[in-house]
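Q: missing the sequence, but the structure's below:
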């Protein structure tokens, strides 16, 4: 009798564990389209056995089965391209860090679901409104070391940067006529080279500065700048104002021998702070250069012309778009053509990811089994790379889940037959007692 009664409870345990297995598989299948979902599997173990007769290790009878653990399988999922720049996937190890409410308290949550967006306050959040954690950047684009809510103000402006350096590389024809000295009121007749550079003051206002070159002797050029009088303090609109720059001297090989420029040149912009601007025309030999990497004086050209120019200023820019690189840096593109780092999404890793506890919403919290979160940036310390404009798909593989489902179904049926058999035997015993 005790053995038959025990058989009933063994069968019951088998039914319970088979049912749990079906539940695990059902959860996997139900989440086959859940972003960042990781497939689970059930682990079972036998119960403590008893001795019928004999020495230890002989004639042991098992007492059934029980659930040991349901383990999350943190394998890599496939990626789906979305075209949304704030949709982020993780290629490799790691989790995004969120700050939200779970199990009744505010805490850090960890997820592989990178379906993020910016809310109306400028915070980067997931679909439940939990705020993504990372580093914010200063107005100069420098990332700080504090981990906090990532925030980018709606309609963010990039403050203007006044021009402080202008570079012009040109080839001046040695056969140009001697037309000097330069006359600001008759620039066409007194110069053979010109190029225009748009510069900016501290308020972001653009100012056109035209640089003229006048050949004044063998291998020597006088360089001057001209701006409209309305752009400078005390000037009159549509009246040109002369900005003397200096001279360029070339050697017999057409190499820049001397760059006699009065750097920096002070520009008293109207309505803005005065600016000191340095001009660079090349690497003069007298300054330790080669004389060939910048401006030159070579013939067989149609005219004296600039072949490279740049300046480091820019006007006010309005945020026009975002991109996120593989290290999680959020890079803003502005209407003035500039780009700047605005923040960085961080990632965490754990000593044992299978020890994380699920709290719903495809989020996890750290436990003593997982160890504390080790926070850092993507592509560092064993953390994976961030893939922007993509989402990581569920790792549920349906064909394998259907096979597991059939296996658990058959195990459930077999355990029910065990109970039926034990019940039949008990009925026979009851018949004997009649």
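A: Sure, I can see it. Remember, it's a predicted structure, so these values are computed and weren't measured experimentally.

Q: make it CA atoms for all contacts and neighbour counts henceforth
A: Fine.

Q: Quick one: list the elements packing against whichever strand or helix holds residue 135.
A: Residue 135 belongs to strand 131-136 when assigned by DSSP states H and E. Under the contact criterion of 3 or more C-alpha pairs under 8 Å, 6 or more residues apart in numbering; DSSP states H and E, strand 131-136 touches strand 95-102, strand 124-126, strand 148-149, strand 339-349.

Q: Look through the protein and tell me its longest helix.
A: In the chain, assigned by DSSP state H, the helix with the most residues is helix 398-433.

Q: Pull out the buried positions in that one.
A: By 16 or more other C-alpha atoms under 10 Å, the buried positions in helix 398-433 come out as 401, 404-405, 408-409, 411-412, 415-416, 418-419, 422-423.

Q: In CSV: these, plus distance to residue 334 and pLDDT.
A: Listed next are those as CSV, based on distance: C-alpha to C-alpha, whole Å; pLDDT from 0 to 100:
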residue, distance to residue 334, pLDDT
401, 48, 94
404, 53, 92
405, 54, 94
408, 58, 92
409, 59, 92
411, 62, 89
412, 63, 90
415, 67, 85
416, 68, 86
418, 72, 85
419, 72, 84
422, 77, 80
423, 78, 77
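
Q: will you turn those into a markdown table that also has distance to residue 366?
A: Below are those laid out as a markdown table (distance: C-alpha to C-alpha, whole Å):
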| residue | distance to residue 366 |
| --- | --- |
| 401 | 28 |
| 404 | 29 |
| 405 | 30 |
| 408 | 31 |
| 409 | 34 |
| 411 | 34 |
| 412 | 34 |
| 415 | 37 |
| 416 | 39 |
| 418 | 41 |
| 419 | 41 |
| 422 | 45 |
| 423 | 46 |
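
Q: out of those, which one sits closest to residue 300?
A: residue 401 (76.6 Å; C-alpha to C-alpha).

Q: what helix or strand is the closest residue to that closest one other than its chain neighbours on?
A: Excluding its sequence neighbours, the residue lying closest to residue 401 (C-alpha to C-alpha, 6 or more residues apart in numbering) is residue 25, at 6.1 Å. Assigned by DSSP H and E, residue 25 falls within helix 2-30.

Q: and the helix or strand that that helix is followed by, what other elements does it pack with?
A: Using DSSP H and E, the helix or strand that follows helix 2-30 in sequence is strand 40-46. If you count contacts as 3+ C-alpha pairs under 8 Å, 6+ apart, strand 40-46 packs onto helix 2-30, strand 65-72.

Q: Out of these, which gets nearest to residue 43?
A: Proximity to residue 43, assessed across those by C-alpha to C-alpha, is greatest for strand 65-72 (5.1 Å).

Q: orientation of that closest one relative to helix 2-30 in degrees?
A: With axes from the mean of the first three to the mean of the last three C-alpha atoms, to 10 degrees defining the directions, strand 65-72 sits at 20 degrees from helix 2-30.

Q: Quick check: buried residues in the next helix or strand after strand 65-72?
A: For strand 65-72, the following helix or strand on the C-terminal side (DSSP H and E) is strand 79-81. Buried residues in strand 79-81, counted by 16+ other C-alpha under 10 Å: residue 79.

Q: just stretch 131-142 next, same as before
A: Buried, per 16+ other C-alpha under 10 Å, within stretch 131-142: 131-137, 141.

Q: Stretch 231-238 too?
A: So, applying 16+ other C-alpha under 10 Å, buried residues of stretch 231-238: 231-232, 235.

Q: of all the residues you listed, which comes closest to residue 337?
A: Nearest to residue 337 among the buried residues of stretch 231-238, with distances taken as C-alpha to C-alpha, is residue 231, at 23.2 Å.

Q: What separation is there between that closest one and residue 208?
A: Distance, residue 231 to residue 208, using C-alpha to C-alpha, to the nearest Å: 9 Å.
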